Structures are given as structure tokens and as C-alpha cells.
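Asks: what follows is a predicted structure for the sequence shown.
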Amino acid sequence: MSDHWKAWVEVGQAIAADAKAQVTCPVCAGATLEVWDVPWEVEPKRWERHMKCPACGAYNSLRMKAEPSAQVTSTA
Ligand SMILES: [Zn+2]
């Protein structure tokens, strides 16, 4: 396991808890990660949360699953 991977795990935990978390890039520390969600068409209660650094291009993603008690809210 690289140090970068360990840093991504911490970033992932913060972003999994709050998609709007302002998290600094763990690779370059030069920018705040962009975060966006992409639904899985085959499984409505699951989605992928993507993270990308606009400065260095570092990228990672999380697989998310709605909690049974969670309400899905949308402003769309
Ligand atoms: Zn970066």
C-alpha cells in the first residue's frame, strides 16, 4: 500500500460522509477535489462518487450504497 493510497482512503471517508466536503488533493495538495455522483442504472440505490483534482488530475472513486433509512433527496 502506497502513501497515496492511504491518503485516498482518508479522503474517501470524508467524501463518503459528505459529498460537499472541501478536501484537499492528497497527491499534490494544490487544489480542492471536485466531487460528483454517477448513479448505477442497474441498481438505483447504489452510485459511484467520483473525485478528481483539477490541478494534477489525480482521480479516484467510491462505490456508495444508500442506507435503508436514508431519504434520497434531489433538488433537480
Ligand atoms: Zn492534485
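Replies: On my side now, so go ahead.
Asks: which bits of this structure sit near the ion?
Replies: 25, 27, 28, 53, 55, 56, 58 (CB under 5 Å from the ion). Heads up, the C-betas are built off the backbone N, CA and C, glycines and all.
Asks: next, the last one: phi, psi?
Replies: In terms of degrees, to the nearest 10, the main-chain angles of residue 58 are phi -60, psi 140.
Asks: any idea of the pLDDT on it?
Replies: Looking at residue 58, its pLDDT is 95.
Asks: enumerate every residue touching it.
Replies: 25, 26, 27, 28, 52 (CB atoms under 8 Å, 6 or more residues apart in numbering).
Asks: now with 6 Å?
Replies: By CB atoms under 6 Å, 6 or more residues apart in numbering, residue 58 lies in contact with 25, 27.
Asks: for residue 67, see how far away it is.
Replies: 28 Å (CB to CB, to the nearest Å).
Asks: which SSE is residue 62 in?
Replies: Here residue 62 sits within strand 59-65, counting by DSSP states H and E.
Asks: contacts for that strand?
Replies: With CB under 6 Å, 6+ apart as the criterion, strand 59-65 contacts 8, 12, 16, 46, 47, 48, 49, 50, 51, 52.
Asks: Serialize the residues you listed to CSV and add fields for neighbour count and secondary structure.
Replies: CSV is the format used below for these (neighbours: other CB atoms under 10 Å; DSSP: H, G, I helix; E, B strand; the rest coil):
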residue, neighbour count, secondary structure
8, 19, helix
12, 17, helix
16, 13, helix
46, 12, strand
47, 17, strand
48, 13, strand
49, 17, strand
50, 16, strand
51, 22, strand
52, 17, strand
